[in-house]
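Colleague: Got a sequence here, can you model it:
(chains A and B)
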Amino acid sequence: MSGGVDSSVAAALCQQAGHEVTGMMLRAWSEPGCEDANRCCSPQAMTLARRAAAALDIPFYVIDAQAIFYETVVRHFLAEYTAGRTPNPCLVCNRLVRWEFLLEHALEMGAEMLATGHYVRLGLDGEGRHLLLRGTDHGKDQSYVLHRLTQEKLHRSLFPVGELTKPQVRVLAEKFNLPAAGQADSQDLCFLAGGDYRAFIRRHAPQAAQPGRITDRQGQVLGMHTGLVDYTIGQRKGLGLPSGVPLYVLAKDAAANTLIVGVGEELGAGVCTVNDLHWIAGEPPAGSFRARVKTRYTAQFAAAEVTLGEGGATAEVRFEGRVRAVTPGQAAVFYAGEVVLGGGTIVG
Amino acid sequence: MDYNRNIMEKIYLDYAATTPLDRRVLAAMMPFFEESFGNPSSVHQHGQRAEAAVEDSRATIARVLHCQPDEVIFTSCGSESDNLALRGAAFAARAGREAKRILTDRGEHPAVSRTAQQLASQHGFDLEWLELDANGQVDPGQVAGILGSEDCLLSVMTANNEIGTIQPIAELGALCRRRQVPFHSDAVQAAAYLDLDVDKLQVDLLSLGAHKFYGPKGIGVLYVRRGTTIQPQQTGGGQEAGLRAGTHNVPYIVGMAEALRLTAEERPMRVAHVQPLRDQIIGTVLEEIPDTRLTGHANMRLPGHASFAFMDADGNRLLQLLDAAGFACSSGSACKTGDPKPSEVLLAIGLPPEWALGSLRVTLGMPVTAEQVGRFLAVLPGLVEKARKRRT
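Modeller: Residues are numbered from 1 along each chain as shown, chains lettered A, B, ... in the order given. Reported below is the predicted structural model:
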């Protein structure tokens, strides 16, 4: 429980369904000195979660996950930026902190299932395998950040708000008299404590933020950048380059600490390579298949042909048309309709 | 004591944190919420009735402490009593005799230690820490070697909240009297079981909080021996001889007096109830759980207090497992925010960090039964094993 409406309502719905419910909150890592500003486990969030648990008359415990959160999520975040990639820390957190560390903890406490306030749905296929589906509220759908769940984990998971829309959840929060009703949503990374991720990286991985050259695809130097971490693929503003046509960030070459820019027509990719593949069903649907692909959490779907490489360790994703801002380090997640097939990490 | 059995469905073993209200105490308090609601400072008869209740309560408490009623000062809790004692005595000693050192030990409750630290860091006092031995006791010999006219006061708790160790208070008090240094003792944990005769203890200032002995929360006492100068820290109306301003909390004062009276009267019976259960817990845990230590003194400890350290166990996790299994306990390192730090007291008695994070405090009270202790001891070894399994 985070103190927010989604997890509070999820707890209430579990209780209503007849389950014996225990609330757990993760104490994630915060930068020393900023503990009180962590978005998810500030003293205020804890008080809200405690009040929600008390309103439901369920036990509530805060689980210390500071060490594992730092070792997995924060280290990965810094290493990826240092390598010139753009990670999604929520993916790592869900995979290694929530559905490993927290789930294990819950099972050891005697729990049978882990319920969360994520907007995704569960289903079963014809062979009795668990399916992960997008949340009914497409605007809130969180299947992208849960695409690494396995059959075993899904077997232990409940997503009580996945069938609901956010407005419905808010109504329920009020109906259940949960104190979180009326809270605003937040999209920031929890451990940045409301601060800027570039400044965070400068403090913790200064090598990822050294000034360097800006060139075009042909290697011609156009200017200097302030540190690769300050730029995102597809970015146009703030490059500070004199040019007759608008220039966009095309790529980052971390080895050479070079930012590569070009004109709008050069932006985007018709094809990308993905590694570190994971399949919800345990195996890919076929050696080559058509899918709807999301290349970042907030991206629109793009139709594509996914072809597995030799041994199935990598896949080539060939989009219909060009897709903007295909960014190394982000996940490409494959869908068949509403069903999440799996995904992998974009290499380039 | 008389208590509501329905609230004890889960087995509560955390009486050092707080105790349920004795129903006899609640009955004594009730008239002062409705019929006798007056302000003791008022001239009229409503005020007179309330004032009589406050003064009767003061006299009752004075009888238990073997002191005069005017030496009993009502406060809002044990922490406030500690604050008033330390701040009041420190500022008075500096103004009166240019003393500027505060002497206390490393095992104190934060109400004393944090107050002493603030007096040092923000008000220019010197602070000297007395070390604890492995059992958690202060060495009177060490105190004798340094205590002098430059000391504003010595503050040593009567019995420790985390490890239950009882300090040699009378010995320290005698030393202070010879050197003419005021002696304060936080007796918040001790009050439920120990004799609080201030002349035997030779204390000049003594803190109590009612909720540790089946009284209400939010009310406390500071005993101030006649002739001990302290400066008020909360100014306003002239209540409590000008030492602590604020309208009297009449029902709570009445409740505290009744709770303390009952505690003194029933002391032998209460000790006889909890001590064998405590000994059973200590014996069984040390026998059955490997890599376990008793923390605190083996004999000089509160009769309802058992505390342990389990090597390489996660104390917070153990408390959660125990709670889920229906047993409410506490520990020195536990905190509700999921940010465990080894307890300062456990480090002060020389416990290595791999032990200090795995502490457990089991404290008993009158509602605890032998059958409940048996159930607790049946599940504890398995849960300690679980709490040891996964460390991050």
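Colleague: Can you check the pLDDT for B:A210?
Modeller: As predicted, B:A210 sits at a pLDDT of 98.
Colleague: Which residue lies closest in space to it, excluding its sequence neighbours?
Modeller: Leaving out its chain neighbours, the residue that sits closest to B:A210 by CB to CB, 6 or more residues apart in numbering or on different chains is B:M256, at 3.7 Å. For the C-beta atoms, the positions are set from N, CA and C on the backbone; glycine is no exception.
Colleague: any idea which helix or strand carries that neighbour?
Modeller: helix B:250-265 (DSSP states H and E).
Colleague: Following that helix in sequence, what is the next regular element?
Modeller: Next in sequence after helix B:250-265, counting helices and strands by DSSP H and E, comes helix B:267-288.
Colleague: what is the mean pLDDT for that next one?
Modeller: Helix B:267-288 comes out at a mean pLDDT of 98.
Colleague: helices or strands up against it?
Modeller: In terms of contacts (3 or more CB pairs under 8 Å, 6 or more residues apart in numbering or on different chains; DSSP states H and E), helix B:267-288 is packed against strand B:292-294, strand B:305-310, helix B:370-389.
Colleague: how many other residues sit next to B:R225?
Modeller: By the criterion of other CB atoms under 10 Å in any protein chain shown, B:R225 has 17 neighbours.
Colleague: which parts of the helix holding B:M256 are buried?
Modeller: By 16 or more other CB atoms under 10 Å in any protein chain shown, the buried positions in helix B:250-265 come out as B:250-264.
Colleague: now, among those residues, which is nearest to chain A?
Modeller: B:Y252 (24.5 Å; CB to the nearest CB).
Colleague: quick one: furthest residue from the center of chain A?
Modeller: A:G244 (37.2 Å; CA atoms, centre = their mean).
Colleague: ok so, going back, now the helix holding B:M256 and helix B:267-288, what's the angle there?
Modeller: Between helix B:250-265 and helix B:267-288, the angle comes out at 70 degrees (axes from the mean of the first three to the mean of the last three CA atoms, to 10 degrees).
Colleague: ok, and what's touching helix B:250-265?
Modeller: With contacts defined as CB atoms under 8 Å, 6 or more residues apart in numbering or on different chains, helix B:250-265 is touched by B:1, B:21-22, B:24-26, B:28-30, B:32-33, B:36-38, B:40, B:50, B:53-54, B:56-58, B:60-61, B:63-64, B:74, B:191-192, B:196, B:208, B:210, B:213-216, B:218-221, B:270.
Colleague: Now do stretch A:330-342, average pLDDT.
Modeller: Taken as a whole, stretch A:330-342 has a mean pLDDT of 97.
Colleague: sorry, that was for stretch B:15-23
Modeller: 97.
Colleague: distance between the helix or strand harbouring B:L321 and the chain's centre?
Modeller: If you go by DSSP H and E, B:L321 is part of helix B:315-324. Chain-centre distance of helix B:315-324: 24 Å, with CA atoms, centre = their mean, to the nearest Å.
Colleague: Point me to the residue of the stretch 201-348 of chain A nearest chain B.
Modeller: Closest residue of the stretch 201-348 of chain A to chain B, CB to the nearest CB: A:H204 (20.2 Å).
Colleague: and that residue, what does it touch?
Modeller: Applying CB under 8 Å, 6+ apart, the residues contacting A:H204 are A:74, A:78.
Colleague: how close does the residue farthest from the centre of chain A get to A:V263?
Modeller: 10 Å (CB to CB, to the nearest Å).
Colleague: ok, back up a step: sort out which of the contacts of helix B:250-265 are buried, if you could.
Modeller: With neighbours counted using 16+ other CB under 10 Å, the contacts of helix B:250-265 contain these buried positions: B:1, B:21-22, B:24-26, B:28-29, B:32, B:36, B:38, B:40, B:50, B:53-54, B:57-58, B:60-61, B:64, B:74, B:191-192, B:196, B:208, B:210, B:213-216, B:219-221, B:270.
Colleague: From those, which land in helices?
Modeller: B:24-26, B:28-29, B:50, B:53-54, B:57-58, B:60-61, B:64, B:270 (DSSP state H).
Colleague: quick one: which two of those are the most distant?
Modeller: B:A50 and B:R270 (30.7 Å; CB to CB).
Colleague: Return the set of buried residues in the helix or strand hosting A:L48.
Modeller: Following DSSP H and E, one finds A:L48 within helix A:43-56. For helix A:43-56, the neighbour count (16+ other CB under 10 Å) marks A:45-46, A:48-53, A:55-56 as buried.
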